[in-house]
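Fold the following.
(one chain, ligands or ions: 1)
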Amino acid sequence: MKRVELVVVGGGPAGLLAAATAASWGVETLVIDENSSSGGRLRHETDVMPEIQGYVGLRGFELVAALQKEVERPGVKVLTEAVAWGLFKDRVLGVARRAHIPSEAENFSLPAKKIILATGAAENPVAFEGWTKPGVLNAWAAQSLLNLYGVLPGRRAVLVGGTDLGRRVAAQLTAAGMEVAAEVEPSSVQAVIGTDRVERVILKDGELQADTVIVAVGLSPVTELGLMAGAVPGCIPQLGGHCLLHDRRMRTTQPGILVAGHAAGVDDIRVLLLTGRIAGLSAASELGKLAEEVSDALIAQAWAEIKAITATSPRWEARQRLVRQREARGDER
Ligand SMILES: Cc1cc2nc3c(=O)[nH]c(=O)nc-3n(C[C@H](O)[C@H](O)[C@H](O)COP(=O)(O)OP(=O)(O)OC[C@H]3O[C@@H](n4cnc5c(N)ncnc54)[C@H](O)[C@@H]3O)c2cc1C
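This is a model prediction of the structure:
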């Protein structure tokens, strides 16, 4: 099979911007995403985003529509309902594509000259007695039910954990008519009781009636494909835990494999987009479509923007540590 110049795994905001950037320099780009449309997590978001890359006052799903327009250009193809299930030697991806007629489903190898992993993040679980009962769900699942399918997950919820994401989803559920009875610490949950689904939540110091438990305790970067290919991770708690080491050009320790977005460390949406932009520039430069000094200048500008956004947050120093760890490995790449 022909080697595609660039495959971007994950069509969330970071992947879409990486693809649009690389394609704007003439790189033949294929985006693959497991969902029925591109846009990633932000497809589900109704809150207004901060000003990003010239986009002002857009709700999450509107920003997605703007980014989808950016990839509608010659040289970019977006393949949806396609999951990359493996990443093998010499940058060969194993891809399975769903078909509406099962006999037409496809499973194929996809060799690429460069790969950008923009696979996002996963919500962390918390295990307590009854945590697998119907009615216990994470914040993203609750948000998808509400904003994508127009369904409330229940009538009365307990929010476990107090992350920004959890509180935002709780506010959206409340606005839609659900009661969020309490926000509790994960360590105070002893058990969830119920016959067919959640009925009560037992806490260290009492109990609450509820038919839904929403768990929101943080995110971890999705790094499995990179790890499978041998890319070296580092543990950076401020960026969500295990992240693939990357240099200032978003290159992992594996030749030709780059990383962007939450997959490169959980961070502010504006930073995620900038890492996508850097990865796209970096891939275009390595493919010989963009002079190195031009890409250097554009990448330096993007890092200056990242610094301006996160300089007062522990994430800035944490990301510098990640980059230093990668750069200390020198030519191993
Ligand atoms: C005001 C505000 C609100 C926000 N609200 C939310 C929110 O509600 N929810 C939220 O999550 N974040 C939210 N964020 C944070 C952030 O914007 C998003 O999480 C963002 O979508 C992450 O971008 P990403 O491209 O890194 O990953 P994602 O958007 O997660 O995109 C990754 C994509 O890759 C796909 N993928 C992963 N692995 C594979 C594979 N192996 N093969 C094929 N496809 C794969 C995934 O299905 C997904 O579509 C918010 C930020 C702000 C500022």
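
Only C-alpha atoms from now on, for both contacts and neighbour counts.
Fine.

And stretch 193-204, what's buried?
By 16 or more other CA atoms under 10 Å, the buried positions in stretch 193-204 come out as 193-194, 197-203.

If you could redo that for stretch 145-163, that was the one I meant.
For stretch 145-163, by 16+ other CA under 10 Å, it's 146-147, 152-154, 156-163.

Around the ligand, pick out the residues from the chain.
Residues of the chain lying near the ligand by CA under 6 Å from any ligand atom: 9-15, 32-35, 40-42, 45, 47-50, 82-85, 118-121, 261-263, 269, 272.

List buried residues within those.
Counted by 16+ other CA under 10 Å, those give 9-15, 32-35, 40-42, 45, 47, 49, 82-84, 118-121, 261-263, 269, 272 as buried.

Next, count neighbours for the closest residue to Arg249 other than its chain neighbours.
Nearest residue to Arg249, sequence neighbours excluded (CA to CA, 6 or more residues apart in numbering): Ser282, at 5.6 Å. The tally of other residues near Ser282 (other CA atoms under 10 Å) stands at 27.

ditto for Ala260
Neighbours of Ala260 under the rule other CA under 10 Å: 34.

you'd agree it is up against Ala19?
No - applying CA atoms under 8 Å as the test, Ala260 and Ala19 come out as separate, 10.9 Å apart.

Gln190 - that's part of a strand, no?
Yes - under DSSP: H, G, I helix; E, B strand; the rest coil, Gln190 falls within a strand.

Save the buried residues of stretch 193-204 as CSV, and put in pLDDT and secondary structure too.
Listed next are the buried residues of stretch 193-204 as CSV, based on pLDDT from 0 to 100; DSSP: H, G, I helix; E, B strand; the rest coil:
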residue, pLDDT, secondary structure
Ile193, 96, strand
Gly194, 95, coil
Arg197, 93, coil
Val198, 97, coil
Glu199, 97, coil
Arg200, 97, strand
Val201, 97, strand
Ile202, 97, strand
Leu203, 97, strand
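
Find the pair from those with maximum spatial separation.
Maximum pairwise distance in the buried residues of stretch 193-204, criterion CA to CA, is 17.4 Å, between Arg197 and Leu203.
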